[in-house]
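Below: sequence and its predicted model.
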Amino acid sequence: MSSRPQIAGKLPLTELAEMKRRGDRIVMVTAYDFPGGRLADAAGIDLVLVGDSAARTVLGYPSEVRVTLEEMIVLARAAARGAQRPIVVGDLPFGSYQVSDTEAVRNAIRYVKEAGVDAVKLEGAGQSLPRARAIVGAGIPVMGHVGLTPQSATLLGGYKAQGRTADKARGILDGALALEEAGCFAVVLEAVPAPVAARVTKALSVPTIGIGSGRDCDGQVLVYHDMLGLYEGKAPRFVKQYADVATAIRHALEAFAAEVRSGSFPDDAHTYSIPDEELAAFQAATASGSPAE
C-alpha cells in the first residue's frame, strides 16, 4: 500500500476513487457543529457527514425521520465552517427527496447554497435511483446508502442487519451497482454482513464506506457522539467507543456547580481588577447611593 499524498486545501472528490485504487482507507465521521467540523479537520479526517443521526444525538428526537431540512441546513452550515479540508456531505432528511425529482434537486441545491456542503447523501436504491440521477445531473455530487437505511427502518423490520439471506444480499449488491450507475461517487454500506460488503466493494468502481459492514469496505464511518461516548443509551454492536467524553463533561459540570455553591469560584485569578484611584473615585461619586449626574 502506498503512503497517502498530502493535499493542500479541500480534498478533491476525485481523490476518493484514487484512494480506492491505491488501497488507502477512507475515513469519515459525522459532525453537526463548528467544533466538530474543526476537530475532524485537525485530525485529518477525509469526509465529514452531517448525518440525520443529528435527530437523535443533537436534537433529541426519537428517530431520524423527525429532523427537517431547515434544521439540517443550520447544522451543516456550522460543520462546514469548521471542516475546511474534508469533503462535507449533507444527509438529505426524510421527506426532502421522496416526492419528486424536481423537489429533490431543489432541496439539494438549497443544501449546497445555504449550508456550503460539497455533496449530499440519500438512502436506498429503488425509488432513490432517479432522484440520485437527477441531483447528479444538476451538478451536485451524491453519496448513496444501502443496507440498513434508518429513514426506512420500520419497513426493514427495525434497526438490524440487512442482507442476511442470499436474496437480500443480492438486492444490496444490485442496489449499490445501480447507485453507481446513477452517478453516485461513493456508497455507504450499513449493517451488512462482512462477506456481502466485501463482494459489493469488489464489484463497485466507486468507494464503499462501511458502518457495521466489516473491514473490507474502502472506508469506515462512525457517529461522532457514539465513538466519543457522548450519546447515552445502548450503542449498536458495530460502535467502538474511543473516548468517554460524557463522563469528563459531567465531572467538570459537577465541579463547577460545587465551587459556585461553596463560593470558591470565581477566585482572584478569574476576576478583573480596577486601579485603586479609579475605584476610590467611583466610590466617592456613588457614596450617596445614587448614580452621578
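That came through fine. Residues are numbered from 1 along each chain as shown.

From Leu148, how far off is Ala194?
Separation of Ala194 from Leu148 (CB to CB, to the nearest Å): 14 Å. The way it works is simple: take the backbone N, C-alpha and C, and place the C-beta from them, glycine included.

of those two, who's got more company?
Using other CB atoms under 10 Å as the criterion, Ala194 and Leu148 rank with Leu148 on top: 24 against 15.

Name the nearest residue to the more buried one, ignoring sequence neighbours.
Computed as CB to CB, 6 or more residues apart in numbering, the closest residue to Leu148 that is not its neighbour in sequence is Ala191, at 3.7 Å.

Wait, Val120 touches Val89, no?
Yes: in this structure Val120 lies within contact range of Val89 using CB atoms under 8 Å: 6.8 Å.

Find residues that contact each of those two.
Common neighbours of Val120 and Val89, counting by CB atoms under 8 Å, 6 or more residues apart in numbering, are Met143.

Low-confidence stretches in the stretch 1-150 of the chain?
Low-confidence segments of the stretch 1-150 of the chain (pLDDT under 70): 1-8.

Would you map the strands across it?
Here the stretch 1-150 of the chain has its strands, by DSSP state E, counting those that start in this stretch, at 26-30, 47-50, 87-91, 119-121, 142-147.

Would you mind finding the most buried of the ones you listed?
Neighbour counts (mean count of other CB atoms under 10 Å) averaged over each of those peak at strand 47-50, with a mean of 30.

Give the other helices and strands that it contacts.
Secondary-structure packing of strand 47-50 (3 or more CB pairs under 8 Å, 6 or more residues apart in numbering; DSSP states H and E): strand 26-30, helix 34-42, helix 69-82, strand 87-91, strand 219-222.

Recalculate using a threshold of 7 Å.
Helices and strands touching strand 47-50, by 3 or more CB pairs under 7 Å, 6 or more residues apart in numbering; DSSP states H and E, are strand 26-30, helix 69-82, strand 87-91.

how about the ones you listed in a markdown table, adding distance to Val50?
Below are the helices and strands packed on strand 47-50 laid out as a markdown table (distance: least, CB to CB, whole Å):
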| stretch | distance to Val50 |
| --- | --- |
| strand 26-30 | 7 |
| helix 69-82 | 4 |
| strand 87-91 | 5 |
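
Quick one: closest of the ones you listed to Pro207.
Within the helices and strands packed on strand 47-50, the stretch nearest Pro207 is strand 26-30; the backing value is 5.7 Å (CB to CB).

quick one, that closest one and strand 87-91 angle?
Counting by axes from the mean of the first three to the mean of the last three CA atoms, to 10 degrees, strand 26-30 points 50 degrees away from the direction of strand 87-91.

I'd assumed Val105 was in contact with Ala138.
Yes: the criterion here is CB atoms under 7 Å, and Ala138 meets it with Val105 at 4.8 Å.

ok, the closest residue to Asp218 other than its chain neighbours - contacts?
Excluding the flanking residues, the one nearest Asp218 by CB to CB, 6+ apart is Pro207, at 3.9 Å. Residues in contact with Pro207 (CB atoms under 7 Å, 6 or more residues apart in numbering) are Leu16, Ala17, Met19, Lys20, Ile26, Ala186, Asp218, Gly219.

In terms of neighbours, single out the busier of Ala138 and Val105.
Between Ala138 and Val105, Val105 has the larger neighbour count (other CB under 10 Å), namely 19 against 15.

ok, that one - contacts?
Taking CB under 7 Å, 6+ apart, we find Val105 in contact with Ala134, Ile135, Ala138.

What distance do you get for it to Gly137?
The spacing between Val105 and Gly137, counted by CB to CB, is 8 Å.

How about Leu11?
Plainly put, Leu11 is 24 Å away from Gly137 if you go by CB to CB.

And Ala198, by the same measure?
Ala198 sits 31 Å away from Gly137, taking CB to CB as the criterion.

Looking at those two, which one has more neighbours?
Per other CB under 10 Å, whichever of Ala198 and Gly137 has more neighbours is Ala198, with 19 against 13.
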